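# I need the structure of the sequence given here:
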Amino acid sequence: MEELVVIDNIQKIYRMDSVETVALNGVSLTINRRDFKAIMGPSGSGKSTMMHIIGCLDRPTSGKVLWEGKDVSQLSDDELALIRNQKIGFVFQSFYLLPRYTALQNVELPLIYRGLSPKERREKAKMLLEMVGLGDRINHRPTQLSGGQQQRVAIARALAVEPAILLADEPTGNLDSKSSHEIMELISELHRQGLTIVLVTHEHDIASYAKEIVRMADGKIIGIEKRS
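Numbers count the residues shown, from 1 in each chain. Model (predicted):
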């Protein structure tokens, strides 16, 4: 299997005044291409910190983060931003859609930074919205969409950069049960099409969609469960 991201003996300590909080304590994990991992654990277990380090949103206090074999632990903010913009699609619990923009305009946003022409951006954004089942909602603003539909827009936006990996942090946290499972079916289909996915959740039924469940507690990995 081809290694995509390797985190090696990561420690992450947050310091405020004289107080130290150890968020990650000697964590190592390999993410191969085409993996579908769920990182599970209670609040405060370190799972979101792990996601932020995998996604180059944060740096470890010590240890290494290898992206396609390159150590990115000590890169500058601009260099990390370049990796995020070119390699990573993010999906969050709160959607983070711009309220004044239509679904189409929200999905177009990452493509502006890639230098696509307005026509190319529109065509690609429309294709992605059709792919996530929102072809008839492209001109709707977020307030005109249900929570599940807003998350589909967010997924389409994440896919716009043709990412090497999709990182989803509690992607169903603000959704009802029916919408949650529809979103997870969509994410599962993206994995079947070859996308590498890492999902953070505290819900067992959501984690069960993944092929591997990484269980965390107190800043450490306490178990890894392979699923068929």
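
# how about low-confidence regions in the chain?
The chain contains no residues with pLDDT under 70.

# the longest helix in it is where?
Longest helix in the chain by number of residues, with DSSP state H as the criterion: helix 177-192.

# That one packs against which elements?
Secondary-structure packing of helix 177-192 (3 or more CB pairs under 8 Å, 6 or more residues apart in numbering; DSSP states H and E): helix 147-159, strand 165-169, strand 196-201, helix 204-207. Every residue, glycine included, has its C-beta placed from N, CA and C.

# Can you give me the separation between the residue nearest to the spatial centre of the chain and S62?
For the chain, L167 is the residue whose C-alpha lies nearest the centre (CA atoms, centre = their mean; 1.5 Å). When CB to CB, to the nearest Å is applied, the distance between L167 and S62 equals 22 Å.

# how about stretch 42-53: buried residues?
S45, G46, K47, S48, T49, M50, M51, H52, I53 (16 or more other CB atoms under 10 Å).

# mind checking the SS state of the fourth one?
On the three-state scheme (DSSP: H, G, I helix; E, B strand; the rest coil), S48 is labelled helix.

# if we can go back for a sec, of the helices and strands packed on helix 177-192, which is nearest L98?
With CB to CB as the criterion, L98 lies closest to helix 147-159 of the helices and strands packed on helix 177-192, at 10.1 Å.

# Centre of the chain to that closest one, how far?
Its chain's C-alpha centre lies 12 Å from the corresponding centre of helix 147-159 when counted by CA atoms, centre = their mean, to the nearest Å.

# Specify the angle between it and strand 165-169 in degrees.
150 degrees (axes from the mean of the first three to the mean of the last three CA atoms, to 10 degrees).

# how about the helices in the protein?
Taking DSSP H as the test, the helices found in the chain are 47-54, 77-87, 103-112, 118-131, 147-159, 177-192, 204-207.

# can you list those helices in a markdown table and add distance to E2?
Shown next, in a markdown table, are the helices of the chain (distance: least, CB to CB, whole Å):
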| stretch | distance to E2 |
| --- | --- |
| helix 47-54 | 16 |
| helix 77-87 | 14 |
| helix 103-112 | 25 |
| helix 118-131 | 25 |
| helix 147-159 | 21 |
| helix 177-192 | 16 |
| helix 204-207 | 24 |
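
# quick one: which of those helices is nearest M1?
Taking CB to CB, helix 177-192 is the member of those nearest to M1, at 14.7 Å.

# buried set for that closest one?
S179, S180, H181, E182, I183, M184, L186, I187, S188, L190, H191.

# Contacts made by that helix with the rest, please.
34, 36, 132-133, 146-148, 151-152, 155, 159, 166, 168, 171-172, 175, 197, 199, 205-206, 209, 211 (CB atoms under 8 Å, 6 or more residues apart in numbering).

# Of those residues, keep whichever come out buried.
Among the contacts of helix 177-192, those classed as buried by 16+ other CB under 10 Å are 34, 36, 132, 147-148, 151-152, 155, 159, 166, 168, 171-172, 175, 197, 199, 206, 209, 211.

# Next, work out how far apart L186 and S180 are.
11 Å.

# related to what we said a few turns ago, will you turn the buried residues of stretch 42-53 into CSV that also has distance to E225?
Below are these laid out as CSV (distance: CB to CB, whole Å):
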residue, distance to E225
S45, 15
G46, 18
K47, 15
S48, 20
T49, 21
M50, 16
M51, 18
H52, 23
I53, 22
